[in-house]
Structure formats: structure tokens, C-alpha cells
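Asks: coordinates only, sequence not included:
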Ligand code: ADP
Ligand code: MG
Ligand code: MG
């Protein structure tokens with residue numbers, strides 16, 4: 001069992017004009033076995049939430065806490081976060097020229113498992129998971145994310161998920177830039193991992209489309225840097241119908 005607690009999280013982004021507050025008091029708890037969809041309009045701070053939890057240097061947590069089983073995530077190094085069982089798609093570099101996917105994945109697995117997986121086993125494991133995700137074998141020899149399409153990047157993230165086996169996974173806009181086939185492959189990959197583990201998932205998305213494939217237990221509306229409404233999966237249907245209009249402007253800071 002694992003619990004990720006986000007408590008009154010405030011964070012700013014460093015811009016040319018100085019620090020700008022984006023997260024304005026996020027509260028959220030995710031437990032093993034639960035899937036939480038975070039849905040909100042563009043620019044509401046959803047990606048900032050995942051960057052802040054990942055410890056991206058451009059984003060500064062100004063107050064609040066992120067705890068994994070009571071341990072302060074914000075004080076952990078990237079490796080420590082991974083070893084603790086936290087998977088943040090965002091913590092991985094966008095492009096790593098010269099580092100092949102298979103080497104990159106083995107390094108990541110070594111960090112998580114505490115020892116390097118045996119090469120023979122590892123190659124078999126990677127091949128098997130790549131097959132399930134319909135990723136071609138030449139992909140393993142390509143540099144990390146270099147020239148990957150949106151769909152390939154997302155398949156890569158799900159491949160990491162399957163290989164690194166985290167306790168809590170934060171997936172940001174997994175449906176963006178995916179065609180229908182890629183969406184199905186990625187959703188199937190997430191669902192398979194969900195079925196075979198007790199993973200807790202935070203699925204950040206702007207669209208309700210992916211939620212037809214991955215059923216959330218909870219849906220949270222994110223607006224102006226915080227969670228403004230929470231409900232079950234019926235809340236996603238309501239958002240599909242009515243959009244975010246009624247929630248925007250509802251997130252004024254408490255006096
Ligand atoms: P979402 O993922 O919900 O679309 P983001 O977290 O990407 O929202 O962005 C929230 C707000 O923070 C936006 O107004 C965006 O312009 C601003 N922002 C995010 N990252 C940066 C950045 N690196 N530099 C400047 N502004 C940023
Ligand atoms: Mg956006
Ligand atoms: Mg975003």
C-alpha cells in the first residue's frame with residue numbers, strides 16, 4: 001500500500017518577469033489501487049503540478065507538502081523519488097541524444113531496483129513489453145525521445161511504467177497528440193499495469209476522451225491552480241457536456 005498526499009501546495013514558475021504563482025493551494029490524496037483524473041482548462045496549472053512534484057528546476061514550491069507514505073518527496077533526489085515508487089513521466093529528460101532507449105531504461109530500472117537487471121533478462125523483459133505496446137524493436141536503439149512523435153513519446157512513457165513498476169504514477173496529458181490507435185495501445189498498457197498491480201494513478205488531462213478507456217475512481221476539476229471540485233466518474237460526463245465554464249473564476253483565493 002502507498003499513499004501520496006499533496007497538502008496545500010503552492011508553487012511558482014520562474015519567468016523573465018520574475019516568479020509567478022501558479023499553484024494556489026492544491027490538496028489531493030492518492031492511494032494504491034485508485035485512479036484519479038485531474039481535469040481542467042488549458043493554463044490552469046495541471047502540468048505545473050506534475051513538474052512541481054517532479055522537482056523541475058524551473059518550478060519552485062513556495063509552501064505546502066508532498067508526502068509519499070509520510071516521507072517528504074520534495075526533499076528527495078530524482079533517483080530517491082523513483083526508488084520510493086513514484087513515477088513521474090515528467091522527471092525524464094525530453095531528449096537525450098546519444099543515449100539509446102534500452103540503455104536509458106536499464107539505468108532507470110537500476111535506480112529503482114537498487115541493482116542492475118541481468119542483461120539477458122532485461123533484453124527479454126524489454127522486448128516483451130515493447131511487443132505489448134506495439135513498439136518496433138528498432139525503437140530500442142534510438143536515442144531517448146530524439147525525433148519521437150507525440151504518440152511514440154507516450155508509448156515510451158507507458159513502457160517505462162511497465163518496466164519500472166511504480167507504486168504511484170503521475171501521467172500528464174497522456175492522450176494529447178495520440179491518434180485513436182495509439183490512444184488504445186496506451187490505454188491498454190495503463191489498464192494492464194493497473195490490473196496487475198496496486199498502482200495509484202494520477203491521470204492529468206484536458207479531454208474526457210482517454211477516460212472512455214481508463215476508468216477513473218475519482219475526478220477532480222482543476223482551475224486556477226487548485227482543485228475546485230471532486231466527484232466520481234460522472235463528473236467527467238458533466239465536464240464533457242458543459243465544459244469548464246462554471247468552474248473558472250470559482251477558485252478565487254480565500255479572503
Ligand atoms: P496546464 O497544464 O493546465 O495547461 P500549465 O501548468 O502548463 O497549465 O500552465 C499554467 C500557467 O503557468 C500558464 O499560465 C502558463 O503560461 C504558465 N507557465 C507554465 N510554465 C511556464 C514557464 N516555464 N514559463 C512561463 N510560464 C509558464
Ligand atoms: Mg496545457
Ligand atoms: Mg499541461
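Replies: Everything's here; your move. Keep in mind it's a predicted model, so treat the numbers as computed, not measured. Ligands and ions are numbered 1, 2, ... in the order given.

Asks: for the closest residue to ligand 3 within the stretch 1-150 of the chain, which non-adjacent residue is closest in space?
Replies: Distance from ligand 3 to each residue of the stretch 1-150 of the chain (Cβ to the ion) is smallest for residue 47, at 3.1 Å. The way it works is simple: take the backbone N, C-alpha and C, and place the C-beta from them, glycine included. The shortest distance from residue 47 to any non-neighbouring residue, by Cβ to Cβ, 6 or more residues apart in numbering, is to residue 172 (5.6 Å).

Asks: how deep is that neighbour tucked in, by neighbour count?
Replies: Neighbours of residue 172 under the rule other Cβ atoms under 10 Å: 20.

Asks: same check, this time on residue 140
Replies: By the measure other Cβ under 10 Å, the count of residues near residue 140 is 18.

Asks: before we move on, what about residue 177?
Replies: By other Cβ under 10 Å, 14 other residues sit near residue 177.

Asks: just say helix, strand or coil for it.
Replies: coil (DSSP: H, G, I helix; E, B strand; the rest coil).

Asks: any weak-confidence spans in the stretch 1-150 of the chain?
Replies: The stretch 1-150 of the chain contains residues with pLDDT under 70 at 90-96.

Asks: got the residue ranges for the helices in the stretch 151-255 of the chain?
Replies: In the stretch 151-255 of the chain, the segments counted as helices under DSSP state H, counting those that start in this stretch are 180-195, 234-242.

Asks: what residues does the stretch 1-150 of the chain have near ligand 3?
Replies: 46, 47 (Cβ under 5 Å from the ion).

Asks: hey, where'd the strands end up in the stretch 1-150 of the chain?
Replies: Here the stretch 1-150 of the chain has its strands, by DSSP state E, counting those that start in this stretch, at 3-15, 18-31, 35-39, 59-68, 71-72, 86-88, 96-100, 143-144.

Asks: ok, and what's touching the second one?
Replies: Contacts to strand 18-31, defined as Cβ atoms under 8 Å, 6 or more residues apart in numbering, come from residues 1-13, 36, 38, 45, 48-49, 52, 59-60, 62, 64, 168, 200-202, 220, 224-227, 251, 253.
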